[in-house]
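*Asks:* sequence isn't available, so here's the structure alone:
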Ligand SMILES: NC(=O)C1=CN([C@@H]2O[C@H](COP(=O)(O)OP(=O)(O)OC[C@H]3O[C@@H](n4cnc5c(N)ncnc54)[C@H](OP(=O)(O)O)[C@@H]3O)[C@@H](O)[C@H]2O)[C@H](O)CC1
Ligand SMILES: [K+]
């Protein structure tokens, strides 16, 4: 997995390093030159323009200019603080104006359609958050050093950075602030089905869907089945017996459905609660009883999160007291309900603080999803795309995570693996018109591909 380190932490690593700064800059600049040559597809006859600033980012760019000239590339270097009226023509612009030391108020020049290669970050992109400035260029490639920064992954980062290349310049990273989840990691986390398997061994209990929202129960159920649950039992409180739910259906009518759920919960390995449950007072009360008394790993999603938030004074307490893992899956609105404040631009900090106050695993959904658990290095999943912002996809994710928990994957990894698989599923879907059920259909192929690939 790629390590992600905050800019402040990277500065501390630099300061503590025995490698002199000049040497780090020499290595960084050489790596930028190599990336430029790859981008240009050669050296002969190629022209490069380096926009170089006054700090170390500019120094990286000037070293790259020297290396490129040595290879026969025609290079012009312009000073970012003294730009000429007309920029020299080029096949590639290297943005070495400013990196992590930028303090705003400087505009990157208009380079028209010429591709931009960014050194460390495209100028003006906040390396801590990924928020772009007014003139931050859209780079085709960004070369960064030793570790990715949160800014490469969140907010405007992916769109502004283009392809991200992380180059080893010989700094030892003591600890990552987060890890970017990849296929090799997820493959490693997925257990093989044991030879002594039986249908109760990886059984998932789901409480999801109500009259008018039975689809949520169906999506969570089929997703859990396709993600390897050996048996799924779903309760959709209040849904009458004629409603079309295809999975094994144990409907629980009435108010105090929690007793029925808790009574045979010992047979199950995980519980998913919340998708499409509704927000009635008795639903809230039943959810809270389940959270208090269920002694299996649990995913709380959708209206289950609302129930926790509704119980304003007690919501962290009811979670802190749980002795088995809990996974919360909020989007920004639900995060706001739970904490009283929507997450700010520092999404790693937002997920971590909710995990710390609740003791739960928090999966904060977004274009880059963060998974935080007390005592664990946060995981970032950027596998999906904007088509996941479609009704019902969250129900699918909750079902997948429920199945992975039932398969005995620890909560932190189960949540991240679930988000990763969910992201791969949308990538496999036809380009437009994706509905949540399509993700479920893709799951067998996603797991097959994951397990088949060597990496
Ligand atoms: N381990 C690593 O990742 C390494 C990264 N390296 C590169 O170093 C830069 C960070 O270098 P730094 O010198 O700290 O910062 P910058 O190059 O971004 O720029 C700071 C200087 O620019 C001045 N500045 C900032 N904003 C403006 C502005 N709007 N107008 C004018 N001048 C500006 C700033 O002046 P101050 O007055 O604020 O001090 C500084 O002079 C990192 O991004 C990597 O590219 C190294 O290669 C080492 C290892
Ligand atoms: K830059």
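*Replies:* Nice, I can see it. Keep in mind the model is a prediction, meaning the values are calculated, not measured. Ligands and ions are numbered 1, 2, ... in the order given.

*Asks:* list the buried residues of the helix or strand encompassing residue 25.
*Replies:* Residue 25 belongs to helix 21-40 when assigned by DSSP states H and E. Neighbour-count burial for helix 21-40 flags 24-37, 39-40 (criterion: 16 or more other Cβ atoms under 10 Å). From N, CA and C alone the C-beta is placed, and that goes for glycine too.

*Asks:* which single one of those residues is nearest to ligand 2?
*Replies:* residue 32 (9.9 Å; Cβ to the ion).

*Asks:* phi, psi for residue 205 please.
*Replies:* Note on residue 205: its backbone torsions stand at phi -100, psi 130 [degrees, to the nearest 10].

*Asks:* same thing with residue 77?
*Replies:* phi -110, psi 130.

*Asks:* next one: residue 211
*Replies:* Taking degrees, to the nearest 10 as the convention, residue 211 sits at phi -50, psi 130.

*Asks:* any idea how far the residue lying closest to residue 357 once chain neighbours are set aside is from residue 359?
*Replies:* In this structure, residue 357 finds its nearest non-sequential neighbour in residue 316, 5.0 Å apart by Cβ to Cβ, 6 or more residues apart in numbering. Residue 316 sits 8 Å away from residue 359, going by Cβ to Cβ, to the nearest Å.

*Asks:* low-confidence stretches in the protein?
*Replies:* 240-255, 311-315, 454-455 (pLDDT under 70).

*Asks:* please identify the residues of it in proximity to ligand 1?
*Replies:* When proximity is defined by Cβ under 6 Å from any ligand atom, the chain lies next to ligand 1 at 10, 14, 24-25, 28, 53-58, 60, 81, 98-106, 119-120, 145-146, 171.

*Asks:* in the stretch 351-455 of the chain, what residue comes closest to ligand 1?
*Replies:* Going by Cβ to the nearest ligand atom, ligand 1 is nearest to residue 380 of the stretch 351-455 of the chain, at 18.8 Å.

*Asks:* what is the helix holding residue 25 packed up against?
*Replies:* helix 56-70, strand 92-96, strand 116-119, strand 141-145, strand 163-167 (3 or more Cβ pairs under 8 Å, 6 or more residues apart in numbering; DSSP states H and E).

*Asks:* now with 6 Å?
*Replies:* Packing partners of helix 21-40 (3 or more Cβ pairs under 6 Å, 6 or more residues apart in numbering; DSSP states H and E): helix 56-70, strand 92-96, strand 116-119, strand 141-145.

*Asks:* how far does the first one sit from the chain's center?
*Replies:* Shown here is helix 56-70, whose average C-alpha point lies 33 Å from the average C-alpha point of the whole chain (Cα atoms, centre = their mean, to the nearest Å).

*Asks:* over to the shortest one?
*Replies:* With Cα atoms, centre = their mean as the basis, the distance from the averaged C-alpha position of strand 116-119 to the chain average is 24 Å.

*Asks:* coming back round to it: got a list of contacts for the helix holding residue 25?
*Replies:* The contact list for helix 21-40 (Cβ atoms under 6 Å, 6 or more residues apart in numbering) reads 43, 46, 59-60, 63-64, 67-68, 91-92, 117, 119, 141, 143, 145, 165, 167, 169.

*Asks:* of those residues, buried ones?
*Replies:* Among those, those that count as buried by neighbour count (16+ other Cβ under 10 Å) are 43, 46, 59-60, 63-64, 67-68, 91-92, 117, 119, 141, 143, 145, 165, 169.

*Asks:* returning to that earlier point: doesn't the residue nearest to residue 357 fall inside a strand?
*Replies:* No - using DSSP: H, G, I helix; E, B strand; the rest coil, the assignment for residue 316 is helix, not a strand.

*Asks:* what's the burial count for it?
*Replies:* Using other Cβ atoms under 10 Å, the number of residues around residue 316 comes to 18.

*Asks:* does it really touch residue 360, like I thought?
*Replies:* No - between residue 316 and residue 360 there is no contact under Cβ atoms under 6 Å: 9.0 Å.
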